[in-house]
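> Structure of the sequence below:
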Amino acid sequence: MLSFFEKTWDFYVSLLFHQHNIAISIATISATIALLTFLINFVFKPSFSWTKRRFANIKVETTIYQQFIQTVGVSQLETGDPKFTVVVTNTSPSNKFIKNISIRTSQKIDNQRYWYPIVNTGSFPVRLEPGQQYSYNFSISSLHNAFLNDLNKNSTLKVLVTDTFNKKYYSKKVKVSTLTTNLEVAKNFK
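From the prediction side, this is the model:
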């Protein structure tokens, strides 16, 4: 006894390769093409787009940079305050809105792991179009005064970016010793 699918397949093949009437074969091929076109345009493409939007991502990267300043007529270099820069990139095909940028520490400070920087209230939320980047600079000396001096050298921190749907995106870990070393180099350079 043949199953339902086997019977259906045998019927389809008999129509596709009909021996007596070519019009039935042409109609079967046309119906097959129409069905495949329908499935691609109204089932597979929307499903793929939904999945792509659902798992769209924001990439969070961090860098540290140091400014060297030379005044005209003076041969001595000076350093500015080192910066801890966060670069947020929208890697999704749709617009994203960043609600907040904060720093998460591996060690608790006053029973909290998050430190929210004081930013201009008019600067967030930030709209990111597909492929667009947003940079935010933290002064390492300000971070040191705020909470880095309360952490031990082996602690780490991550940057946390929250979008308007409260989805969280994290950067890679950065050692506190890396930040404090850059600050000490800037102080000793002067």
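> okay, now residue 114: neighbour count?
12 (other CB atoms under 10 Å). The way it works is simple: take the backbone N, C-alpha and C, and place the C-beta from them, glycine included.
> All the strands of the protein, in order from the start?
Taking DSSP state E as the test, the strands found in the chain are 58-65, 68-70, 77-79, 83-90, 96-109, 112-115, 126-128, 133-139, 156-163, 168-170, 174-175.
> what residue ranges in this protein score low on pLDDT?
Along the chain, the model assigns pLDDT under 70 to residues 1-2, 52-56, 68-71, 73-79, 116-122, 187-190.
> follow-up on the earlier one: let's have the strands of the chain in CSV, adding distance to residue 183.
Below are these laid out as CSV (distance: least, CB to CB, whole Å):
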stretch, distance to residue 183
strand 58-65, 10
strand 68-70, 15
strand 77-79, 10
strand 83-90, 10
strand 96-109, 15
strand 112-115, 16
strand 126-128, 27
strand 133-139, 10
strand 156-163, 14
strand 168-170, 23
strand 174-175, 13
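> Any idea which of the ones you listed gets closest to residue 146?
Across the strands of the chain, residue 146 has its closest neighbour in strand 112-115 (6.6 Å, CB to CB).
> List the residues that contact the residue nearest the centre of the chain.
For the chain, the residue nearest the mean C-alpha position is residue 58 (1.4 Å; CA atoms, centre = their mean). Residue 58 is in contact with 88-92, 96, 98, 128, 161, 163, 169, counting by CB atoms under 8 Å, 6 or more residues apart in numbering.
> if we go to 7 Å?
Going by CB atoms under 7 Å, 6 or more residues apart in numbering, residue 58 touches 88-91, 96, 161, 163, 169.
> Residues contacting the longest helix seen in the chain, please?
Counting residues, the longest helix found in the chain (DSSP state H) is helix 22-39. Contacts to helix 22-39, defined as CB under 7 Å, 6+ apart, come from residues 15-18.
> Distance to residue 140 and neighbour count for these - can I get that in TSV?
Below are these laid out as TSV (distance: CB to CB, whole Å; neighbours: other CB atoms under 10 Å):
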residue	distance to residue 140	neighbour count
15	74	16
16	71	15
17	75	10
18	78	15
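> gap between stretch 169-187 and the chain center?
Its chain's C-alpha centre and that of stretch 169-187 lie 22 Å apart, by CA atoms, centre = their mean, to the nearest Å.
> coming back round to it: show the buried residues in the contacts of residue 58.
Neighbour counting by 16 or more other CB atoms under 10 Å classes 88-90, 96, 161, 163, 169 among the contacts of residue 58 as buried.
> Could you report the neighbour count for residue 180?
For residue 180, the count of nearby residues is 17 (other CB under 10 Å).
> Spatially, which residue comes closest to it, not counting chain neighbours?
Spatial nearest neighbour of residue 180, chain neighbours left out: residue 148 (6.2 Å); criterion: CB to CB, 6 or more residues apart in numbering.
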